[in-house]
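S.K.: No letters, just coordinates:
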């Protein structure tokens, strides 16, 4: 899950986000890893959408689509704000 407000700010097109995700999946696959899905929010903070981290919209969507048990799941992030969405849905977080 990733916030990509550059799309809403017209800094880069949404197609570039998809290209980066495809490249990442390809590189991970070459190393034997599998990615089931990538979720991203293209909105700005001020849009106050439910899908922008730390709001739980994307986490809830992933849970529905992949039958995730959120209380036994982990949220991994590179900033504390990313981890805030985990406890909102009873998941644990790690920085």
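M.R.: Looks like it arrived, so ask away. As the structure is a computational prediction, the values presented were derived from the model and not from experiment. Numbering: from 1, shown residues only.

S.K.: Name the next helix or strand downstream of the host helix or strand of residue 19, please.
M.R.: Counting by DSSP states H and E, the element that carries residue 19 is helix 14-30. The C-terminal neighbour of helix 14-30 among helices and strands, as given by DSSP H and E, is strand 40-41.

S.K.: Can you tell me what sits against that following strand?
M.R.: Judged by CB atoms under 8 Å, 6 or more residues apart in numbering, the contacts made with strand 40-41 from elsewhere in the structure are 1-5, 17, 21, 49, 51-53, 57-58. The C-beta positions use only the backbone N, C-alpha and C, and glycine is treated the same way.

S.K.: mind listing what's buried in the worst-scoring helix or strand of the chain on mean pLDDT?
M.R.: For the chain, the helix or strand with the lowest mean confidence is helix 85-88, at a mean of 79 (criterion: mean pLDDT, DSSP states H and E). Of the residues in helix 85-88, those scored as buried under the neighbour-count criterion (16 or more other CB atoms under 10 Å) are 85, 86.

S.K.: Kindly report the same for stretch 17-26.
M.R.: Across stretch 17-26, burial judged by 16+ other CB under 10 Å covers 17, 21.

S.K.: low pLDDT regions in the protein?
M.R.: Across the chain, no stretch falls below the confidence threshold (pLDDT under 70).

S.K.: partner strands of the host helix or strand of residue 75, parallel or antiparallel?
M.R.: Assignment of secondary structure by DSSP H and E places residue 75 within strand 74-76. Take DSSP bridges as the rule and strand 74-76 pairs in its sheet with strand 92-94 (parallel).

S.K.: what comes into contact with the least confident helix or strand of the chain?
M.R.: Against helix 85-88 from outside (CB under 8 Å, 6+ apart): 53, 54, 55, 56, 59, 73, 74, 75, 91, 92, 93.
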